[in-house]
Structures are given as C-alpha cells and as structure tokens.
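Asks: quick one, fold the following:
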Amino acid sequence: MAHLAIESVSLRYDDGPQVLGGVSLDLRDGEFLVVVGRSGCGKTSLLNLAAGFVPPTTGRVAVNGVAITGPGADRAVVFQDDALFPWLSTAENVALGPRLSGIGKAERRRIAENQLAIVGLEGLADRPIWRLSGGQRQRVGLARALAARPTFLLMDEPLGALDAMTREAMQELLVEVWAKSGAGVLLITHGVEEALFLATRIVVMAPNPGRIVKTLNVDFSRRRLAGESARSIKSSRDFVAMREALLDAIFEREAA
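Replies: Next up is the predicted model:
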C-alpha cells in the first residue's frame, strides 16, 4: 500500500513567522483526506509540502519511506484556478502529461478520451477550452491530473470558484472519480459540508503556527458510493450532528 507521510514538519518562509509547527500527517492510497481550518492556518502550505513545491524547514516528507525532493509523477495537483492552456483543445490539455512522458499521439488521444469520459465530458475532446463552462473546465483539470495515473491526488480548493449548484454536482463527481482511480486524495477546503461529504478522514488545523488540533473519521462518501442520495446524506441527523461538531472544532480554536 502506497504511503505519503508528513513527519514532524515545521515550515518558515525566509525570515518570516513560522507557518507550520510540528505537523505529522499520513495518507494512503484509497483514502480521501480533507484538511479544513480558518484562513492562514497553513493548509495550502501543507499541500505544497506534499507536492514537493517547497521543502520543510525541519522534519521530512516522504513517499513509501523515500524523502520527497521535488514534484513527482506519483503526485498530481489540481488548483482552484484550472490553469488550462487556451490554445490547446480539451483533449490536448488532458494529454499534456502523457505527451511530456513521450507517449505517442494515438495513445495520448485514447488516454484523454478515457479520462474525459470518467469526468463526464465524453464527446468534448475537440472542443476549444474557451467554449467550456467553469464546471467543465474544472473537470478537464481533474482529467488532466488523472491522466498521469498518480498514486496521490492533491487538490487545493478545486471547487472554490464554482457556483453552488455546480459545486454540489462536482462533489458527487469527485467521490465517483476517487473510487474509480484508487488514488489517495488530499483536499484543502473551507467548506464544512463539502469536507464531510467527501472525506474518509478530516483534519482540522489552527494557526499561529499551523498545527493539527482534531481528526475525525467519517463515512458519508462511502454511503454515497453505496447508493444513498447526496440529499438524503446531507439532511440526515448524523450528518447534521457531525457538521456541528466540526464547526465547534474550528470555531473553538478561533476564539481561543
């Protein structure tokens, strides 16, 4: 089983204040880990460490026991900004990773069409990026990440810029894509209900410096995969109770 480990990590940028202090976290393939907390608690910095974009000041970040020294094909990142190339078609955007890996044109096309079908964009391979809606563009970004067949999928507020209805539809899509891919997912979000609906485990962070203050195990995403409707899940007593418990964990720390 693949294992991404953040071990007793602290982080400080140049001579600024300490961003993270003594953070330890692990993620395994097939797990959906969601990190929540107020702005400024270091959520995105934590994801940047896992991606290999920045090195820790102290501690270690490793995959299967091997220290991370930079970005790698085993870790794909999806940002809030879809970061697509407008001069490329939808399929060409999705196939960027395989293209950089030297995979031939016909195979790249097959990979792109397969990933587009998984995210619900079958038949749009040749559509220009500028003709896609915001939700469709975010699906393309997700398909592009999955085309590299990563062991871990790291997502920083990927649904934050979407309208409420599109965001809820994308939440259901993320559950389905996660189940099909088998990847370990690390997602950063400010959405409490989003965290509960998607996660198998939720980590709450507090600032000054950023640190983990609570961990919750949840199963609502697996209930959705078992056939229960999203509406039924989100209106259930246990979901509402867990939402209040999660809000308490976040706001108690804010008031402290």
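
Asks: quick one: low-confidence parts of this protein?
Replies: 253-256 (pLDDT under 70).

Asks: and it, what are its domains?
Replies: 3-74+150-255, 86-149 (automatic domain parsing).

Asks: I figured E31 was touching T200, is that so?
Replies: Yes - if you go by C-beta atoms under 8 Å, E31 and T200 touch, sitting 5.4 Å apart. C-beta coordinates here come from the backbone N, C-alpha and C atoms, glycine included.

Asks: hang on, the earlier thing: output the domains of the chain in a markdown table; the columns should cover distance to Q80.
Replies: Formatted as a markdown table, these follow (distance: least, C-beta to C-beta, whole Å):
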| stretch | distance to Q80 |
| --- | --- |
| domain 3-74+150-255 | 4 |
| domain 86-149 | 9 |
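
Asks: pull out the buried residues from the host helix or strand of V140.
Replies: If you go by DSSP states H and E, V140 is part of helix 134-147. For helix 134-147, a neighbour-count test (16 or more other C-beta atoms under 10 Å) marks 135-147 as buried.

Asks: how far off centre is that helix?
Replies: 12 Å (C-alpha atoms, centre = their mean, to the nearest Å).

Asks: contact partners of it?
Replies: Around helix 134-147, the neighbours that count as contacts under C-beta atoms under 8 Å, 6 or more residues apart in numbering are 76-79, 82-84, 90, 93-98, 111-112, 115-116, 118-121, 124, 129, 132, 153, 158-159, 161-163, 166, 169-170, 173-174, 177, 181, 183.

Asks: from these, list just the buried residues.
Replies: Taking 16+ other C-beta under 10 Å as the criterion, what is buried in the contacts of helix 134-147 is 76-79, 82, 84, 90, 93-98, 111-112, 115-116, 118-121, 124, 129, 132, 153, 158-159, 162, 166, 169-170, 173-174, 177, 181, 183.

Asks: can you tell me which of those residues are in strands?
Replies: Among the buried ones among the contacts of helix 134-147, the ones falling in strands (DSSP state E) are A76, V77, V78, L153.

Asks: go ahead and confirm the last one touches K180.
Replies: The reference is to L153. No - using C-beta under 8 Å, L153 makes no contact with K180, being 11.8 Å away.

Asks: identify each buried residue in stretch 209-221, please.
Replies: P209, G210, R211, I212, K214, L216, V218, F220, S221.

Asks: measure the second one to A169 for me?
Replies: It refers to G210. Separation of G210 from A169 (C-beta to C-beta, to the nearest Å): 31 Å.

Asks: and the fourth one, by the same measure?
Replies: The gap separating I212 from A169 is 31 Å, by C-beta to C-beta.

Asks: over to the last one?
Replies: Here the criterion is C-beta to C-beta. By it, S221 lies 15 Å from A169.

Asks: for the stretch 151-256 of the chain, just list every one of the helices.
Replies: 164-181, 192-198, 220-225, 230-234, 237-255 (DSSP state H, counting those that start in this stretch).

Asks: between those helices, which one is closest to I6.
Replies: Each of the helices of the stretch 151-256 of the chain has some distance to I6 by C-beta to C-beta; the shortest is helix 192-198, at 18.6 Å.
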